[in-house]
Structures are given as structure tokens and as C-alpha cells.
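S.K.: Give me coordinates for this.
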Amino acid sequence: MTTARDPVADLRRIAFLLERANEATYRVRAFRSAAKTLSGLPAGEVAQRAAAGTLTELSGVGDVTARCVIESLAGEEPVYLRRLNATEGVDLDDAAAALRSALRGDCHTHSDWSDGGSPIEEMALAAVELGHEYVVLTDHSPSLKVARGLTADRLKRQLDYVAAVNEALPEGFRILTGIEVDILADGSLDQEDELLARLDVVVGSLHSGLRDESAKMTRRMLRAVENPHLDVLGHCTGRMVANRPAGAEGPGDRGHRKRLRPPSDFDAAAVFAACAEHGKAVEINSRPERQDPPKRLMRQALEAGCVFTISTDAHAPGQLDWQRFGCERAALCGVPADRVVNTWPATQLVDWAAGHER
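M.R.: Below you'll find the model as predicted:
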């Protein structure tokens, strides 16, 4: 026989763990407010309302908190609480350091061929100094004109150029070819299929239409994830949570001169399920002003069975050291190193990406 948990206690525990993790105040308040409302009800009314589907008619109880209550009354640890409990007691400094030391490369970087501030060689040598074994060069695609996205002809020239640069780089290090390709309004990818097939790693990101309604955005993202050329879903919500830190901008680093921006609205459960089904990675973007995905979505992607990249989206050499920020957030969410594809050797990473097209 199933024994009901105490939903008020579960809501309060969630609020505590969110606060400890330095989550947004409004999210902590949502769970505390729901707990306060429910604690003032007569015995039995919470269960009656849960059965009737009327919990959200109460002041301070929303869809997410109501779902936690229903799960708790069914004798189940609420999914939201389970994700938070997964990292309870973890020494985040040690966990983040261990994750950072496991990384072998960076899967999202830019050069002065698009909106980065430094030549390809300079970015590569900075990566060598950081101890990387590889770096994936992912300049922008044509439709992002503000970032000088690469036309098909320019991308072909870049591929030849990278091959020549690789010949001159230190032994044991390799630039992997790639692109940050725009996911267009219909979910197609903004580059020729023949060229995408030649690249080692393809990161697909949304840079336009970020305020589209949820159903439209979800269809767009699902079509992109199902595309065999796409390997990594980049900064999935498109949010900007802070102004860029002082000194973060390199020459020509125009692509991130953004105002604060809320996350896009989409069916995260459906998108992450598709990523898991098709073996596509969800990017943990390390840029301080992005912090994308939010931790709640990172935990959801982890629970869905997704793999990840921890990447810098670097537009200048010094930004390549920003992986530590992504590692801190990944460690906080309990992401294990074996679920991060850029802990793999370059050959394994390239084989994994090529497998999406088979």
C-alpha cells in the first residue's frame, strides 16, 4: 500500500535546496508560498483538491508546485525534489574541478572568420596552453549576417585553411572542423547538407524568433534535433541573464552585445526526449552572461538521459578558460563526466558525431 508523503514538507525542502543553490528568489518564493497556503487548509482538503484537479485555484499554487503535491500525495518523491537531492552534500568545488580536469576539448568556439576577435591559430594555441587536446571551430552560418556568418564558399575555404593550420600545430593537438549553424524558422539548418556532412561537429542554435510561442518553437527545435547533421543543441533557451563581464569582449566580438533576455518558451520534456532518442548533446554554455540552460532544465535533460557538451562559446582566447563556469553549474546539477562528450578523445567524439548521419 502506498503511503502518502507530506507535500508541505516536500515543498519547503525544495525551497530550501533552491535557496542553498542560489537560485532566483522568485522560484524559492513560489514553493514557500505554496507550502504556506497548503499548511493552512483543513485536514484532507489538499488530497481532495489534488483528486479534483483544483489545486491551482488556490492562491500561491501554480502548475509546477501542484504537480509536486500530487506526486508527494501518491507516495513518490517529487521529481523536482529528486533532482535537487541528487547533489545534496556534494563538495561542488571538488566536483567542478574533477569535471574540468576530465575535459579534453571545447566544442563551441569562434574566430575572426565570423564574429570572433582572434585568428584561428591564436585560438588554437590558447587551447593548447590550457591543456586541451582539441578545439572545435564553430563560426556562424550565413543567415547571421551581423556576425559575418560563413557562406558556403567561405566555409569551404576555411576547411582548407584549417587543414593547413593543423599541419603546423603541436603534436597531439587538433582543430576539429565545425559550425554553429542557425536553426531557421522552419527548423532546417542554415548551410548546405553536403558541407554539413563534411564537418566533424555541428552545433545548431537559435538566434532569431526567440519570442515565438511555445508550440512553434518546440516544432522548430524538434525538426532540428531530428536532422542527422546536427550533433549538439547550442544554448537551448537563448537567454541572457547578465551584462557581459568587464573585459569579456574581444575585438570583433559582436555576437554577444545583448541586453538581458528571458529564456525562450518550448516543451523542454519533448525536446530533451528527442535529444536522448537521437543521441544529440545538449550544450552547457559557459558564457557568464548566458548560463544556458538554466539549472532546472539541465537537471531535466540529465534525467531524460541526454548527453552534454560543456563549451565556452569563446570569441577570444581568454574566454577559452570559461569552461570552469560551465563545470561549476554542471557539478551543481550532478552531471557526471561520462555524460559529457568532450571528455572523450577526439577520435571518439568525431565517430560519435559521424554516427548521427548513418
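
S.K.: where does Gly116 land in three-state SS?
M.R.: Per DSSP: H, G, I helix; E, B strand; the rest coil, the secondary structure class of Gly116 is coil.

S.K.: sorry, that was for His207
M.R.: Secondary structure, three-state DSSP: His207 is coil.

S.K.: What residues does it make contact with?
M.R.: 144, 182, 238 (CB atoms under 8 Å, 6 or more residues apart in numbering). Backbone N, C-alpha and C define where each C-beta goes, glycine included.

S.K.: switch to 6 Å and redo it
M.R.: 144, 182 (CB atoms under 6 Å, 6 or more residues apart in numbering).

S.K.: How much space separates it from Ser141?
M.R.: Using CB to CB, to the nearest Å, we find His207 at a distance of 9 Å from Ser141.

S.K.: so what's in contact with these two at the same time?
M.R.: Asp182.

S.K.: Can I get the host helix or strand of Ser101 in CSV, CA atoms only?
M.R.: Assigned by DSSP states H and E, Ser101 belongs to helix 92-102. Written as CSV, here are the backbone C-alpha positions of helix 92-102 (Å, rounded to 0.1, in the frame of the first residue of the first chain):
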residue,chain,number,x,y,z
LEU,A,92,31.0,21.4,-5.5
ASP,A,93,34.5,22.8,-5.7
ASP,A,94,36.0,19.3,-5.9
ALA,A,95,33.3,18.0,-8.2
ALA,A,96,33.7,21.0,-10.6
ALA,A,97,37.5,20.7,-10.5
ALA,A,98,37.2,17.0,-11.3
LEU,A,99,34.8,17.6,-14.2
ARG,A,100,37.1,20.4,-15.6
SER,A,101,40.1,18.1,-15.4
ALA,A,102,38.2,15.4,-17.3
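
S.K.: Show me which residues of that helix are buried.
M.R.: If you call a residue buried by 16 or more other CB atoms under 10 Å, then helix 92-102 has these buried ones: 95-96, 99-100, 102.

S.K.: my read: Ala314 touches Thr109, true?
M.R.: Yes: counting by CB atoms under 6 Å, Thr109 is a contact partner of Ala314 at 4.8 Å.

S.K.: Settle it for me: which of the two has more neighbours?
M.R.: Thr109 (32 against 29; other CB atoms under 10 Å).

S.K.: give me the low-pLDDT residue ranges for the chain?
M.R.: Scanning the chain for pLDDT under 70 picks out the ranges 1-3, 19-22, 87-92, 243-259.

S.K.: How many residues are close by the closest residue to Met217 other than its chain neighbours?
M.R.: Once flanking residues are discounted, Met217 sits nearest to Phe266: 4.2 Å by CB to CB, 6 or more residues apart in numbering. For Phe266, the number of neighbouring residues by other CB under 10 Å comes to 24.

S.K.: so who does Phe266 touch?
M.R.: For Phe266, the contacting residues are 214, 217-218, 221, by CB under 6 Å, 6+ apart.

S.K.: out of those, which are buried?
M.R.: Buried members of the contacts of Phe266, scored by 16+ other CB under 10 Å, are 217-218, 221.

S.K.: where do the helices sit along the stretch 51-200 of the chain?
M.R.: Ranges of helices in the stretch 51-200 of the chain, per DSSP state H, counting those that start in this stretch, are 63-73, 79-85, 92-102, 120-129, 152-168, 193-198.

S.K.: buried sites along stretch 299-312?
M.R.: 299-304, 306-312.

S.K.: Just put the residues you listed in JSON lines and tack on distance to Leu159 and secondary structure.
M.R.: Output for those, formatted as JSON lines (distance: CB to CB, whole Å; DSSP: H, G, I helix; E, B strand; the rest coil):
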{"residue": "Arg299", "distance to Leu159": "37", "secondary structure": "helix"}
{"residue": "Gln300", "distance to Leu159": "36", "secondary structure": "helix"}
{"residue": "Ala301", "distance to Leu159": "31", "secondary structure": "helix"}
{"residue": "Leu302", "distance to Leu159": "34", "secondary structure": "helix"}
{"residue": "Glu303", "distance to Leu159": "38", "secondary structure": "helix"}
{"residue": "Ala304", "distance to Leu159": "34", "secondary structure": "helix"}
{"residue": "Cys306", "distance to Leu159": "29", "secondary structure": "coil"}
{"residue": "Val307", "distance to Leu159": "26", "secondary structure": "strand"}
{"residue": "Phe308", "distance to Leu159": "27", "secondary structure": "strand"}
{"residue": "Thr309", "distance to Leu159": "21", "secondary structure": "strand"}
{"residue": "Ile310", "distance to Leu159": "25", "secondary structure": "strand"}
{"residue": "Ser311", "distance to Leu159": "20", "secondary structure": "strand"}
{"residue": "Thr312", "distance to Leu159": "22", "secondary structure": "coil"}
